[in-house]
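Colleague: give the three-dimensional model of this entry:
(one chain, ligands or ions: 1)
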Amino acid sequence: MLNLQRFFNSMNTFNVIIIGGGAAGFFTAINVAKQNPDLKVAVLEKAKTGLQKVKISGGGRCNVTHAEFIPQELVTNYPRGEKELLGPFHQFMTGDTMAWFEERGVALKIEDDGRMFPESNSSQTIIDCFLKEAEKYKVEVIYSSGVLNIEKHDNAWVLQTKTEAFYAEKIVVATGSSVKMWDILKTLNHTIINPVPSLFTFNVTDKRIKNIPGVAVQNVTVKVLNTNLESTGPLLVTHVGFSAPSILKLSAFGAVELAEMNYDFDIEINFIQQEFNQCLDVLKQLKQELAKKTVFKFAQFGIPKRLWQKLVLASKIEESKTWADINKTQLENLATQLTKAVFQVKGKSTFKDEFVTAGGVDLKEINFKTFESKLHKNLFFAGEVLNIDAITGGFNFQNAWTSGFIAARSIAD
Ligand SMILES: Cc1cc2nc3c(=O)[nH]c(=O)nc-3n(C[C@H](O)[C@H](O)[C@H](O)COP(=O)(O)OP(=O)(O)OC[C@H]3O[C@@H](n4cnc5c(N)ncnc54)[C@H](O)[C@@H]3O)c2cc1C
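Modeller: Numbering: from 1, shown residues only. Below you'll find the predicted structure:
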């Protein structure tokens, strides 16, 4: 099958070269080599070791995938890639990921929130599995070999590193969010969607959340004012602002819009999932029922006490006032704080060091049946190099596995 007469004698000639030894790169290489043992397969990795993000992922536990087994549901977790991944997920789903690892002796467990981890609770288990499989199927992994240039000569791809050239009939770019590689891909006429961060928390300085880090509300709705961005879910007060799924979802789905706003915008939080008027009615009722009780002391609507007290003070209700004491304006103030409290966001922070990059190779230029470039035959992509990213929960790795598997199958056929 080797079709590279000019370079035949070179040790550096392969049927398939995968650029990047991360999650997507290893997964692709192993699956190509397993499915077609006749192919000579190499991984070129710029660092001294591979799989570095796998190592640190999921707090060192590696959140491999998510227990969502319906493709139509799974895709809703991808702000970029939702439409395009539906077909691929019908080919290689989360259940296939489980089976793939289990066949190789790596059992996965499902946590209450759906995240899946190796039973060992150690990302090293995943790394060991990949290294063993790569060796078993004779994938040549060449470290300290960053690709600096990609050119096509006749039917061969020529990859230039600092010290040598490599030749291959087919290549897979699996370099994650590497700006340098995106620049190289531009020289091959690929369009790169401008990269911006995704998965971050919001910085807010406000006396309503001062000195109460750790306070969490189970189910809030957060809107970014003057946009269509809205999300529902848990909210956590941190030392510097807000975090937890309601915020992370907004950061992912709003990655591009929020970057354009320079991370300077207002959010409106409904802490109790009731409309203003509905809440006001309840407050009026409480005024009757709890007339002699102090408003400040007894939290209502299931809101954590420390947050309730901040919202009461923000409504201009003094600590000593009873429900009977408060007037109509104060009741309305409290209803506003509970159902449409506005906070100013100024800047962002990383979430437990986890982040992904929105942006990358334009999805219009990819054939999603094969993950091959529509512009160049025998050029494939896998993983985060594409303009695909997801919310936190194991979905980003699932993209690496699905794209890697399908690219591998197309190559090996
Ligand atoms: C701290 C942290 C925790 C995370 N935890 C999770 C999690 O638990 N679950 C989840 O689903 N997602 C998680 N993510 C996201 C996930 O790690 C990425 O989506 C995933 O690693 C992408 O895989 P990839 O192979 O496309 O890219 P990468 O894993 O980034 O791999 C790319 C590889 O290419 C190499 N490379 C780059 N340029 C070149 C070049 N020119 N030549 C040769 N090699 C090159 C890099 O050195 C790297 O090894 C986490 C991210 C971070 C930062």
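
Colleague: now do the SS call for the residue in the stretch 51-200 of the chain positioned nearest to the ligand.
Modeller: Using CB to the nearest ligand atom, the closest approach of the stretch 51-200 of the chain to the ligand is made by Gly176 at 2.5 Å. The way it works is simple: take the backbone N, C-alpha and C, and place the C-beta from them, glycine included. Here Gly176 is recorded as coil under DSSP: H, G, I helix; E, B strand; the rest coil.

Colleague: kindly provide the distance from it to Phe27.
Modeller: Counting by CB to CB, to the nearest Å, the separation of Gly176 from Phe27 is 13 Å.

Colleague: swap in Arg61?
Modeller: 18 Å.

Colleague: likewise Leu185?
Modeller: 20 Å.

Colleague: kindly report the same for Glu365.
Modeller: 22 Å.

Colleague: now the helices for the stretch 151-300 of the chain?
Modeller: For the stretch 151-300 of the chain, the helices defined by DSSP state H, counting those that start in this stretch cover 179-187, 245-253, 255-260, 276-289.

Colleague: which residues does the longest one contact?
Modeller: If you take CB atoms under 8 Å, 6 or more residues apart in numbering as the criterion, helix 276-289 is touched by 272, 274, 300-301, 323-324, 326, 331-332, 334-336, 338-340.

Colleague: what subset of those is buried?
Modeller: Applying a neighbour-count criterion of 16 or more other CB atoms under 10 Å, the buried members of the contacts of helix 276-289 are 272, 274, 300-301, 323, 326, 331, 334-336, 338-340.

Colleague: which one of those is nearest the ligand?
Modeller: Looking across the buried ones among the contacts of helix 276-289 and measuring by CB to the nearest ligand atom, the closest to the ligand is Ile272, at 31.9 Å.

Colleague: report pLDDT for that closest one.
Modeller: For Ile272, the model assigns a pLDDT of 98.

Colleague: residues in contact with it?
Modeller: 279, 301-303, 338-339.

Colleague: now the residues you listed as CSV including pLDDT?
Modeller: Supplementary listing: the contacts of Ile272 in CSV, determined by pLDDT from 0 to 100:
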residue, pLDDT
Cys279, 98
Phe301, 97
Gly302, 96
Ile303, 96
Leu338, 98
Thr339, 98
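
Colleague: more neighbours: which of Arg61 and Phe27?
Modeller: Phe27 (27 against 17; other CB atoms under 10 Å).

Colleague: let me see the contact set for that one.
Modeller: Per CB under 8 Å, 6+ apart, neighbours of Phe27: 130, 382, 400-401, 404-405, 408.

Colleague: equivalent analysis for Leu225, please.
Modeller: 265-268, 342.

Colleague: what of Ile193?
Modeller: So Ile193 contacts 80, 358-362, 387 (CB under 8 Å, 6+ apart).

Colleague: my read: Asn189 touches Ser373, true?
Modeller: No. The criterion here is CB atoms under 8 Å, and Asn189 misses it with Ser373 at 9.6 Å.

Colleague: mind checking which of these two has more residues around it?
Modeller: Shown here are Asn189 and Ser373; by other CB under 10 Å, Ser373 has more neighbours (21 against 10).

Colleague: against Ile406, how distant is the residue of the stretch 301-413 of the chain found nearest the ligand?
Modeller: Per CB to the nearest ligand atom, Gly383 is where the stretch 301-413 of the chain lies closest to the ligand, at 2.3 Å. Note on Gly383: its distance to Ile406, by CB to CB, is 12 Å.

Colleague: so which of those two has more stuff around it?
Modeller: Gly383 (30 against 23).

Colleague: disregarding residues adjacent in the polypeptide, which is nearest to that one?
Modeller: Ala24 (2.7 Å; CB to CB, 6 or more residues apart in numbering).

Colleague: count the neighbours of that neighbour for me.
Modeller: Neighbours of Ala24 using other CB under 10 Å come to 31.

Colleague: my read is that it contacts Ala400, right?
Modeller: Yes. Counting by CB under 8 Å, Ala24 touches Ala400, with 3.9 Å between them.

Colleague: just the helices in the stretch 301-413 of the chain please.
Modeller: Using DSSP H, counting those that start in this stretch, helices in the stretch 301-413 of the chain cover 305-314, 328-339, 395-412.

Colleague: and those, which is most packed in?
Modeller: Among those, helix 395-412 has the highest mean neighbour count (mean count of other CB atoms under 10 Å), at a mean of 25.
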